[in-house]
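Visitor: Got a sequence here, can you model it:
(one chain, ligands or ions: 1)
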Amino acid sequence: MLNELLKSRTVPPLPLASSPAEWEALRPEMLKALQDNIYGRMPAAVPVTAKVTETDDTFLANRAIYEKVTISFDYEGRSYSFPVQVIQPKLRRKVPYFVTLSFREPVFDRYLPAEEIISRGFGIAIVHYKSVAGDDNDFESGLGPMAGDRTAPDAPGKIALWAYAASRTADYLLTRPECDAKNLIVIGHSRLGKTALVCGAHDERFAFVISNDSGCSGAAVTRGKCGESLARITSVFPYWFAPRYAEFAGRETELPLDQHWLLALTAPRHLLVGSAVEDTWADPASEFLSCRAASPAWALYGLPGLRSFDRLPVPGEKYHDGYIGYHLRPGAHFMARTDWCRYMDYIAANKNK
Ligand code: GTR
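Guide: The predicted structure is shown next:
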């Protein structure tokens with residue numbers, strides 16, 4: 001049924017390029033199209049400072065070091081800061097870090113198998129999203145004022161600001177001697193999966209970009225999408241986006257782009273998209289379709305994007321043999337341990353040397 005639906009769907013092609021150089025020359029205007037129409041301007045990167053405020057050297061049965069760090073910066077005459085929790089496995093080698101956009105602050109959370117992640121040799125930097133900027137229409141606190149005049153059509157929404165914080169976290173992590181700069185990862189679920197994609201599209205330092213169940217305005221193609229629509233998301237969560245985005249409610253086909261542009265901006269790096277079969281609100285078929293439509297960007301580099309084009313995986317199956325890895329998990333909308341394990345398996349097999 002889903003596969004029949006896929007056949008009848010069309011998405012606009014990616015902007016035309018015939019070489020990596022041509023594609024890279026298109027990047028700025030593609031990013032601008034995303035900013036102008038969907039997420040709003042991405043504030044310019046500025047230097048950060050970091051201050052460790054808490055330390056535990058015997059974390060996780062002495063297998064890790066925990067640090068709470070305040071990241072601070074100045075932007076357009078104002079000072080901003082937000083906290084990050086860093087968990088470093090005690091290993092005598094560099095470690096790939098997950099910049100984890102997180103719904104909850106505590107490390108011990110049922111959606112974050114911290115112990116398992118650490119024991120597999122990854123570091124974790126938890127960016128608690130509400131500690132960056134509230135998940136609401138308040139643009140006065142946290143990083144909110146960076147949005148400037150929110151009546152401007154391209155004013156950044158909260159997704160852009162959360163993504164900005166993930167990039168500033170990368171600035172800091174890259175100063176840590178144990179951080180493996182070639183294998184930095186950004187990951188998030190749902191609204192934070194959208195955020196991880198936006199961050200990874202802008203910030204090429206992330207070697208792996210991971211979207212879990214990000215759905216509408218995330219990994220899923222908007223044209224013909226089932227479940228949550230552009231009209232619905234912009235009426236319930238207007239503050240996630242640039243004000244202009246709402247103008248496309250019910251007029252999705254007039255958008256000058258679709259979400260596969262966002263995915264394609266990860267090329268030639270690794271992109272992982274996870275869906276859950278019961279998550280019809282996010283719409284796995286539209287996420288899959290988007291991965292398929294983004295693949296030509298990798299082909300320009302002679303790399304395989306999504307390898308299996310013809311049908312959606314059955315629940316439990318994964319297509320992890322290309323630079324775009326897609327999996328469909330049985331069950332509902334959440335970031336499961338299974339999802340984490342799939343992502344870690346993929347990264348372990350595809351790490352940059
Ligand atoms: C829903 C929203 C989705 C998704 C989800 C979440 O209410 O409609 O787009 O982002 O929240 O973040 O859990």
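Visitor: ok, the one residue in the stretch 251-353 of the chain that gets nearest to the ligand - how many residues close by?
Guide: Closest to the ligand within the stretch 251-353 of the chain is W281: 6.3 Å, counting by Cβ to the nearest ligand atom. For the C-beta atoms, the positions are set from N, CA and C on the backbone; glycine is no exception. Neighbour count of W281, defined by other Cβ atoms under 10 Å: 15.
Visitor: nearest spatial neighbour of it, skipping sequence neighbours?
Guide: G227 (4.1 Å; Cβ to Cβ, 6 or more residues apart in numbering).
Visitor: Contact distance from the ligand - what residues of the protein qualify?
Guide: 190-191, 215-216, 228, 233 (Cβ under 6 Å from any ligand atom).
Visitor: can we see that at 8 Å?
Guide: Within the chain, the positions adjacent to the ligand are 103, 189-194, 213-218, 228, 232-233, 236-237, 281-282, 333 by Cβ under 8 Å from any ligand atom.
Visitor: What's the ChimeraX syntax to select whichever of these are buried?
Guide: Buried residues among the residues of the chain next to the ligand (16 or more other Cβ atoms under 10 Å), as a ChimeraX selection:
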select :103,189,190,191,192,193,194,213,214,215,216,217,218,228,233,237,282,333
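Visitor: Break down the protein into its helices, ranges please.
Guide: All helices of the chain, identified by DSSP state H, fall at 2-8, 20-34, 59-62, 114-119, 129-132, 158-173, 191-202, 230-236, 259-264, 284-294, 296-299, 337-350.
Visitor: Phi, psi for the residue nearest to W281 please.
Guide: Dihedral angles of G227 (phi, psi; degrees, to the nearest 10) stand at phi 80, psi -130.
Visitor: how far does stretch 281-296 sit from the chain's center?
Guide: Stretch 281-296 sits 15 Å away from the centroid of its parent chain (Cα atoms, centre = their mean, to the nearest Å).
Visitor: Okay, buried residues for it please.
Guide: So stretch 281-296, judged by 16+ other Cβ under 10 Å, has buried residues 282-296.
Visitor: do stretch 106-126 as well
Guide: By neighbour count on 16+ other Cβ under 10 Å, the buried set for stretch 106-126 is 107, 111-115, 117-118, 120, 122-126.
Visitor: confidence score at K7?
Guide: If you check K7, the pLDDT there is 68.
Visitor: rewinding a little: nearest to Y346, of the buried residues of stretch 281-296?
Guide: The closest of the buried residues of stretch 281-296 to Y346 turns out to be C291 (Cβ to Cβ; 13.6 Å).
Visitor: Cool, thanks, signing off.
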